[in-house]
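Chemist: Sequence plus the predicted model coming up.
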Amino acid sequence: MIMNIIQTAPALAEQVYQAILDEICSGRLVPGTHLKQEQLAERLGVSRQPVQQAMALLKADGLIEEVGKRGMRVSHLDVATMHHHYEIRALLDGLAARATAARLAADTAARDSFAAEAHAILAAGRTAVVRGDVPQMVRQDEAFHRLFYHASGNPLVAQTAEPHWRFLRRVMGDVLRHAEPPHDIWDQHEAIVDAALEGDSSRCGDLMGAHAFRAATLLASHTQEKASQS
């Protein structure tokens with residue numbers, strides 16, 4: 001029996017997904033903004049099909065939602081859901097940080113490779129901060145955490161964290177624009193890298209966990225303050 005080959009998702013749909021995500025993260029598409037496939041397709045210079053596919057992915061990730069017959073709109077941030085995601089990610093990130101520090105302490109080659117990649121990410125992140133490039137800050141922030149997932153030696157950490165990242169990519173944009181100075185975030189990243197390179201497993205894990213909870217707490221406070229003023 002000859003079976004049909006399953007085709008992978010079109011790369012164009014992934015590019016459209018990223019383009020819309022960048023606009024949500026940067027604040028150009030604010031919560032409540034209605035999204036029309038025809039307008040998006042025209043603005044991005046693509047057909048409606050990749051836009052439709054991208055919007056299905058964005059909906060699955062909780063970034064956009066249906067509004068009856070009016071189509072889709074950018075979702076409003078649900079603070080409780082955000083906390084749930086951050087709680088799980090803080091545990092996973094702390095686990096990855098502790099495992100990474102322990103591994104680097106025992107493997108000089110792994111330590112050197114980690115140091116080179118970590119410092120490149122830190123430099124790229126700080127450059128994005130200077131330029132005020134929120135989407136790039138989000139990408140470098142994700143690269144920072146994924147570095148620890150990979151360096152931990154446990155492939156299940158990244159797999160488990162992925163669903164939470166799909167929701168939190170948008171949240172990180174809100175953190176960077178409203179809740180926490182971007183320079184502070186990258187100072188925290190640098191301190192975590194230093195602890196990992198020193199092989200201090202306990203300190204590295206504690207710093208990483210506190211880093212995640214701080215972002216969630218500050219954004220929740222900002223969101224609640226904004227709601228009370230409206």
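Modeler: Alright, I've got the coordinates. Numbering: from 1, shown residues only.

Chemist: Can you tell me, leaving aside adjacent residues, what's nearest to A124?
Modeler: Excluding its sequence neighbours, the residue lying closest to A124 (CB to CB, 6 or more residues apart in numbering) is Q140, at 5.0 Å. Using the backbone N, CA and C atoms, a C-beta is placed for each residue, glycine as well.

Chemist: That neighbour: how many residues sit nearby?
Modeler: Neighbours of Q140 under the rule other CB atoms under 10 Å: 22.

Chemist: To which secondary structure element is it assigned?
Modeler: Using DSSP states H and E, Q140 falls within helix 134-151.

Chemist: Contacts made by the strand or helix carrying K59 with the rest, please.
Modeler: Assigning secondary structure by DSSP H and E places K59 in helix 48-60. Residues outside helix 48-60 that contact it (CB atoms under 8 Å, 6 or more residues apart in numbering) are 9-10, 12-17, 20-21, 35, 37-38, 40-41, 44, 64-66, 72, 166.

Chemist: same check, this time on stretch 180-199
Modeler: Residues from elsewhere that reach stretch 180-199, judged by CB under 8 Å, 6+ apart: 97, 100-102, 104-105, 111, 114-115, 118-119, 121-122, 125-126, 129, 137, 141, 144, 148, 151, 175-176, 203-204, 207-208, 211, 214-215, 218-219.

Chemist: got the buried residues for it?
Modeler: For stretch 180-199, the neighbour count (16 or more other CB atoms under 10 Å) marks 180, 182, 185-186, 188-190, 192-193, 195-197, 199 as buried.

Chemist: how close does R214 sit to G45?
Modeler: Distance, R214 to G45, by CB to CB, to the nearest Å: 40 Å.

Chemist: Let's test this: mean pLDDT of the helix or strand V193 falls within, rounded?
Modeler: Here V193 sits within helix 182-197, counting by DSSP H and E. The pLDDT scores in helix 182-197 average 96.

Chemist: Mind listing what's buried along the lowest-mean-pLDDT helix or strand in the chain?
Modeler: For the chain, counting by mean pLDDT, DSSP states H and E, helix 201-229 ranks last in confidence among helices and strands (a mean of 81). By neighbour count on 16+ other CB under 10 Å, the buried set for helix 201-229 is 201, 203-209, 211-212, 214-216, 218-220, 222-223.

Chemist: if I pick the residue nearest to the spatial centre of the chain, what's in contact with it?
Modeler: Nearest to the geometric centre of the chain sits R169, at 3.3 Å (CA atoms, centre = their mean). Residues near R169 by CB under 8 Å, 6+ apart: 21, 25, 61, 63, 138, 142.

Chemist: In ChimeraX, select just the buried ones from these.
Modeler: Buried residues among these (16+ other CB under 10 Å), as a ChimeraX selection:
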select :21,25,61,63,138
